[in-house]
Structure formats: structure tokens, C-alpha cells
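Undergrad: sequence and predicted structure are below.
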Amino acid sequence: MTDARTTTSTDDLPHGPARRRGPLRAGERVQLTDSKGRLHTILLTHDGYFQSQRGSFRHSELIGRPEGTVLTTATGHQLLALRPLLSDYVLSMPRGATVVYPKDAGQIVQMGDIFPGARVVEAGVGSGGLTMSLLSAVGERGHLLSVERREDFADIARGNVDSWFGGAHPAWDLRLGDLADVLPDAVEPGSVDRVVLDMLAPWENLDVVAEALVPGGLLIAYVATTTQLSRFAEDARATERFTEPQAWESMVRTWHLEGLSVRPDHRMIGHTGFLVTTRRLAPRTTPPQRTRRPAKGAYSADGEWAPEDLGERTISDKKVRRVRRDIHRRAEIEQSGMASQPGVRPEAGADLLRHPEE
Ligand SMILES: C[S@@+](CC[C@H](N)C(=O)[O-])C[C@H]1O[C@@H](n2cnc3c(N)ncnc32)[C@H](O)[C@@H]1O
């Protein structure tokens, strides 16, 4: 492509697209795929040598060649060489904490509306998996403040992020500490566009986040369990500083594609986490009244959990009495071997075989 877009100034920036294009260079990461689909990630060096069960080659044989080159090793095996995509890198890089899966990082960037030039806060940083997607989205003119309370994790994250971008990203400010302590000193009140929380107890930071966000600013939290999700949503409502929380999860099912055998793969990542967003109300504004009332019993008054608190359908006492009667009659029939006793319905006990919600 030789149009004007290839010669814009972003090409010259150290973190711009230029370093992800062109012939393979020494110092770059390359992903090799063998004929069985197995992946090997190597760092190309002038004097490097790759060795595996599928054969070996000198790195210099790849340097200067285009991405998508297929090498044939001395043992006759073929290896396809490509630069890893961000999603490949996140799943193969060294980790301290569990990373946000690429499918969820995509949701966070899109549904969190992380825009070029945005001022974003992220905590915790963990291994830096999500950090790279956030930095790519805000770009060099945006700002990402990432807060991590574990020094060892922050160190791993810095290594991973710097390695991906080929140096320190100019929009990134990584701070060590607890978000609740760091945030008030690090940003002006009402100056942050987006906050992304990936931590055990995001509800503990609702007040500092509310102070930091601009009116209309968005908070997105990533939690692993329904109990965290519920606590976050209820605590966010209780602050009266945020809009109604919206929650969802995403499931991605990969497909097997071969001739006539086109079907979903047998295995999938069944669960990663839930996402929940809410937006900052204007100062001194209370949330609008909800016209749709919460489901009956959704908030139990005595702190006890009843089936209806969880949205379960309940069975009436009358129905339970009938089921019990039927069970006793069925036992009598089983013992006597007689179906036609006076007052005994032949289908007695059949209710037990039905799903309670039918
Ligand atoms: C699951 S990891 C984050 C993973 C990261 N998003 C990634 O994609 O690599 C959660 C991190 O939050 C950090 N953390 C938990 N509570 C925190 C807080 N209040 N302030 C700062 N960091 C916190 C933990 O130390 C941990 O590293």
C-alpha cells in the first residue's frame, strides 16, 4: 500500500505501526507454528539457534524474510513464522497474576468506550495483560495511570508491557500502592474519563473512583464470581453517585473448520469473568427513580435468603401437600401390587417426575 496513510507521522513514532510491519528483524518476537498447530515463541537474534522435535534452524535464516515465511528444517518439517498478535502475546507472556483474557479485553475496550486521547485509570495491573489493550486504545496522546499494590507483579507487568511496545510507552504511568491511597494524590478530582478495576474487591474503591471521574465518566469492573458482582452492584447503587449498573458476560466458542466437518470445537473456555459498567452522575445529583421496581423479595428484609430472593419460582403449600399424599399412595401401591384400590389415582406420584417449574 503506497497511499498517504503509510507516510503519516505516526509511522515514525517508536510505538507506531512501523515496528509491526516489514521484514523480520533481530530483537523481535516471532511465533512459529508447526504442522500439528503447536506454537513456539522465539526472540530472534543474529546468533540464535532454534531447536525442537520438529527440527532446527539458525535465526539468521529468518532475519530479513517477510512475515508468513515457511521454513523447512533439516528433518523436513515445516514451520510457519509470524509476529505474534497482541492476543497471542498476552496468553504466552510470563505471568504473575491471571490475565484478562483477550475476549474480555476486547469487551472492556469497546463497552468501556476507551477512546484515543482518553485519561484512564486501571487497577490492579497484575501481569499487564489488559494494560497493553488500554494503551493501544488511548494511544500516545492519551494517559493511562495503572496502580498495582504488589511490587513483584508491577515489575512483571512493566517487563511485559515494555517488551510488547519495544520500550516505555509515553502514555503509561505505573504506580505502586493501593488504589485508594494512590488515586486521590495522582489525579485532579473530576478529571478521569474511564476507570477499569480488575481486583478482588472493587467495591472498596467506589468513593475514590467517584471523586476521580468526570461527570458521565465510566467505571468498568471485571469480577470472577456472582457474589462479587452482586456486592459491587449493590454498593455502587448505595453511593447514589452512579447510574444503574449493567452486567454481562461473554462466551466465545471456537470452530473446527475442515471440509464437511464444520462444527463448534468440543472444548471451550467456559468461564472467565463478569463485566459490569456504571457511569458517574453529575455532582450533587441523585440517581433517577427506578420506574421498574425490583423483583418481589429481591432484597430480603431480615438478611435471610429465601428462594424468591434468588428469583426461584416457589411451590405452593397446597401443591406440596398433594405431592406428599401421592407419594404415600404410590408406596401403598408398590407394596400391595394393586393399582385399583379405592381412592388411589393410578398416576399417583407422577408429579415427582416433573420439573418443578412445569
Ligand atoms: C487479576 S490481577 C489483574 C490482572 C491484569 N488485569 C492483567 O490482565 O494482567 C488483580 C491484581 O489486582 C491487584 N490489586 C488488588 N487490589 C488492589 C488495590 N486495592 N489496589 C491496587 N492493586 C490491587 C492484585 O495485587 C493483583 O495483581
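TA: Nice, I can see it.

Undergrad: secondary structure element for Gln31?
TA: Element membership of Gln31, judged by DSSP states H and E, is strand 29-33.

Undergrad: helices and strands around that strand, which ones?
TA: Contacting strand 29-33 under the criterion 3 or more C-beta pairs under 8 Å, 6 or more residues apart in numbering; DSSP states H and E are the following elements: strand 39-43, strand 78-82, helix 86-92. (Glycine included, C-beta is placed from N, CA and C.)

Undergrad: closest to the ligand out of these?
TA: Nearest to the ligand, of all the helices and strands packed on strand 29-33, is helix 86-92, at 7.4 Å by C-beta to the nearest ligand atom.

Undergrad: just confirm yes or no for that closest one near the ligand.
TA: No - judged by C-beta under 6 Å from any ligand atom, helix 86-92 makes no contact with the ligand; its nearest approach is 7.4 Å.

Undergrad: now that helix: mean pLDDT?
TA: The pLDDT scores in helix 86-92 average 96.

Undergrad: centre of the chain to that helix, how far?
TA: Its chain's C-alpha centre lies 14 Å from the corresponding centre of helix 86-92 when counted by C-alpha atoms, centre = their mean, to the nearest Å.

Undergrad: so which bits of the chain are right by the ligand?
TA: So the chain meets the ligand at 97-100, 123-124, 126-130, 147-150, 153, 178-179, 198-200 (C-beta under 6 Å from any ligand atom).

Undergrad: now, which of the residues you listed lie within strands?
TA: Counting by DSSP state E, those place 123, 147-148 in strands.

Undergrad: now distance to Val161 and pLDDT too, for those residues, in CSV please.
TA: CSV is the format used below for these (distance: C-beta to C-beta, whole Å; pLDDT from 0 to 100):
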residue, distance to Val161, pLDDT
Ala123, 15, 98
Val147, 14, 98
Glu148, 12, 98
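
Undergrad: before we move on, back to that, buried among the residues of the chain next to the ligand? Need that as a selection in PyMOL.
TA: A single PyMOL command selects the buried members of the residues of the chain next to the ligand (16 or more other C-beta atoms under 10 Å):
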select buried, resi 97+99+100+123+124+126+127+128+129+130+147+148+149+153+178+179+198+199
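
Undergrad: among the helices and strands packed on strand 29-33, which is nearest Asp173?
TA: Among the helices and strands packed on strand 29-33, the nearest to Asp173 by C-beta to C-beta is helix 86-92 (20.6 Å).

Undergrad: how about that closest one: buried residues?
TA: Within helix 86-92, the residues that count as buried by 16+ other C-beta under 10 Å are 88-90.

Undergrad: mind giving me the packing neighbours of the next helix or strand after that helix?
TA: Counting by DSSP H and E, the next helix or strand C-terminal to helix 86-92 is helix 102-111. Contact here means 3+ C-beta pairs under 8 Å, 6+ apart; on that basis helix 102-111 packs against helix 86-92, helix 129-138, strand 213-223, strand 274-279.

Undergrad: most neighbours per residue, which of the ones you listed?
TA: Mean neighbours per residue, mean count of other C-beta atoms under 10 Å, is largest over these for helix 129-138, with a mean of 24.

Undergrad: now do that one, average pLDDT.
TA: 98.

Undergrad: now do stretch 45-55
TA: According to the model, stretch 45-55 has a mean pLDDT of 90.

Undergrad: how far is that stretch from where the chain is centred?
TA: With C-alpha atoms, centre = their mean as the basis, stretch 45-55 stands 34 Å off its chain's centre.

Undergrad: show residues contacting that stretch.
TA: 26-27, 32, 34-35, 38, 40, 42, 56-60, 63, 73-77, 79 (C-beta atoms under 8 Å, 6 or more residues apart in numbering).

Undergrad: can you list the buried residues in that stretch?
TA: 50, 52, 54-55.

Undergrad: coming back round to it: just the CA coordinates of the strand holding Gln31, formatted as PDB?
TA: Taking C-alpha atoms only, strand 29-33 is exported to PDB below (Å, rounded to 0.1, in the frame of the first residue of the first chain):
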ATOM      1  CA  ARG A  29       9.500 -11.900  18.900                       C
ATOM      2  CA  VAL A  30       8.400 -14.500  16.300                       C
ATOM      3  CA  GLN A  31       5.800 -17.200  16.700                       C
ATOM      4  CA  LEU A  32       6.500 -20.500  15.000                       C
ATOM      5  CA  THR A  33       3.600 -22.900  14.200                       C
END
